[in-house]
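Asker: Build me a model from this:
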Amino acid sequence: MNESDVLQSLRTIDLTLPKKFFMEAYKTSQEYLQSNEDLYTLSFDDRSDFLRNAAENVTCLGTIFCWNWSQIYNYKPFLQVVEKVYGHSLLPLIQHLLKFIDPDIAIAKLTLSLFAFSNNISIFSSNIKTKFTNTFEIFRIQNIYVEVMWRYLLYKYGYYQSIQRFINLIQCLLAATDVIFEAQNIEQHVNDIELLVERTELTLVLDDMDRMDYN
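Answerer: Numbering: from 1, shown residues only. Prediction:
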């Protein structure tokens, strides 16, 4: 976003630009989920049950990554609008999470993919299924991302820094879990996630049909 446009809009607490920001965040999350080939390895039922959790995780962490890299959290009027729309309890949790965002873009992307297939948030919500038919497939996917991340860390940063960054990554995911838990109490967020899930699931089903026709 153009900095002057941001300042001009946010001085008057204009909701248009922040709402556009979050609409783009949900849209990007949908595009990511639709393009993730690992989701297609899950059975139809498992994927359907797992999708809401994945959408929640990707939207949360992906949006915070954007906050961090754009430095938009430095604009107090923007934060005021966020607080107006999503309530005052969410911002302190987001600010805490920002402390653990790794500046390495490759680590950030791998963290997002790993978090997409982490279902620990389901222990907090009765709306998310806690058991899946094929948990071994989910563990397999998780292990792939973890192994790739660890190999990348060792290659670029060495053993000592790799441990430090991996601990920081764990703290990042724990902080993101706190943000999601709080966000699940916000009606606007819940409705947006439900819409995101419905659109993504429809696209995945249509892709399944295309793949069957192609084969």
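
Asker: what's the following helix or strand after the helix or strand hosting A176?
Answerer: Element membership of A176, judged by DSSP states H and E, is helix 135-183. For helix 135-183, the following helix or strand on the C-terminal side (DSSP H and E) is helix 187-214.

Asker: That next one vs helix 135-183, what angle?
Answerer: Relative orientation of helix 187-214 and helix 135-183, computed by axes from the mean of the first three to the mean of the last three CA atoms, to 10 degrees: 150 degrees.

Asker: Can you get me the centre-to-centre distance for helix 187-214 and its chain?
Answerer: Taking the mean of its C-alpha atoms, helix 187-214 sits 16 Å from the chain's own mean (CA atoms, centre = their mean, to the nearest Å).

Asker: I'd like to know which elements that helix is packed against.
Answerer: helix 16-35, helix 37-40, helix 44-70, helix 76-86 (3 or more CB pairs under 8 Å, 6 or more residues apart in numbering; DSSP states H and E). For every residue, glycine as well, the C-beta is placed using N, CA and C.

Asker: Give me the below-cutoff pLDDT ranges for this protein.
Answerer: Across the chain, the ranges flagged by pLDDT under 70 are 1-15, 119-134, 210-215.

Asker: what about 50?
Answerer: Along the chain, segments meeting pLDDT under 50 span 121-124.

Asker: so who does the residue nearest the centre of it touch?
Answerer: Residue closest to the average C-alpha location in the chain (CA atoms, centre = their mean): V58, at 1.9 Å. Counting by CB atoms under 8 Å, 6 or more residues apart in numbering, V58 touches 29, 32-33, 112, 115-116.

Asker: ok, 10 Å please
Answerer: Applying CB atoms under 10 Å, 6 or more residues apart in numbering to V58 gives the contacts 25-26, 28-30, 32-33, 36, 112-113, 115-117, 196, 200.

Asker: picking up where we left off before, could you save the helices and strands packed on helix 187-214 as a markdown table and add columns showing distance to V179?
Answerer: Converted to a markdown table, these look like this (distance: least, CB to CB, whole Å):
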| stretch | distance to V179 |
| --- | --- |
| helix 16-35 | 13 |
| helix 37-40 | 23 |
| helix 44-70 | 6 |
| helix 76-86 | 11 |
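
Asker: hey, which of the ones you listed is tucked in deepest?
Answerer: Of the helices and strands packed on helix 187-214, the one with the most neighbours on average (mean count of other CB atoms under 10 Å) is helix 44-70, at a mean of 20.

Asker: Not counting sequence-adjacent ones, nearest residue to Y145?
Answerer: Nearest non-adjacent residue to Y145, counting by CB to CB, 6 or more residues apart in numbering: L114, 4.2 Å away.

Asker: quick one: contacts for the one you found?
Answerer: L114 neighbours (CB under 10 Å, 6+ apart): 57, 61, 141-146, 148-149, 169, 173.

Asker: Give me the buried entries from the residues you listed.
Answerer: When these are checked for burial by 16 or more other CB atoms under 10 Å, the buried set is 57, 61, 141-142, 145, 149, 169, 173.
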